[in-house]
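# generate coordinates for the sequence data below:
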Amino acid sequence: MGEIVAVLSLGTLGAVLAFAYASVRAMEKLRAEGGRKSTLSRDGAAERLAELRAEVRVDGR
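As a prediction, the model looks like this:
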């Protein structure tokens, strides 16, 4: 019984580390490519509004 608990806990820890590693790599890729900022940040919201205003001007609406 003790072995199964150890295997399951190490497996869970390994899965969490793998997902964390993949998440960090994805964020680094987005930052390197100049991806969009979160709309929750101050400058991200301003950036999104500027994009929308520019889009409206181009469409002529």
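# the helix or strand containing residue 50: which residues count as buried?
Secondary structure from DSSP states H and E places residue 50 in helix 42-59. By 16 or more other CB atoms under 10 Å, helix 42-59 has no buried positions at all. Bear in mind the C-beta positions are built from the backbone N, C-alpha and C, glycine included.
# could I get the average pLDDT for that helix?
Mean pLDDT, computed over helix 42-59, is 80.
# same question, stretch 18-31
Stretch 18-31 comes out at a mean pLDDT of 93.
# ok, the residue nearest to the spatial centre of the chain to residue 51 distance?
When CA atoms, centre = their mean is applied to the chain, the residue found nearest the centroid is residue 27 (5.5 Å). Note on residue 27: its distance to residue 51, by CB to CB, to the nearest Å, is 21 Å.
# rewinding a little: and the helix holding residue 50, what does it pack against?
Helices and strands touching helix 42-59, by 3 or more CB pairs under 8 Å, 6 or more residues apart in numbering; DSSP states H and E: there are none.
# enumerate the positions of whichever strand or helix holds residue 15 that are buried.
Counting by DSSP H and E, the element that carries residue 15 is helix 2-33. Of all the residues in helix 2-33, not one is buried under the rule 16+ other CB under 10 Å.
# pull the distance from it to the chain's centre.
From the chain centre to the centre of helix 2-33 is a distance of 15 Å (CA atoms, centre = their mean, to the nearest Å).
# by contact count, what packs against it?
Secondary elements touching helix 2-33 (3+ CB pairs under 8 Å, 6+ apart): none.
# quick thing: my sequence starts at 260, can you match it?
Sure, I'll start numbering at 260, so the last one becomes helix 261-292.
# if I pick the closest residue in space to residue 306 that isn't next to it in sequence, what's in contact with it?
In space, not counting the residues next to it along the chain, residue 306 is nearest to residue 296; the distance is 5.8 Å by CB to CB, 6 or more residues apart in numbering. Each residue near residue 296 by CB atoms under 8 Å, 6 or more residues apart in numbering is listed here: 302-303, 306.
# now the most far-flung residue of the chain relative to its centre: how far from residue 291?
Within the chain, the residue lying farthest from the chain centre (CA atoms, centre = their mean) is residue 260, at 38.4 Å. From residue 260 over to residue 291 the distance is 47 Å, taken as CB to CB.
# many thanks, we can stop here.
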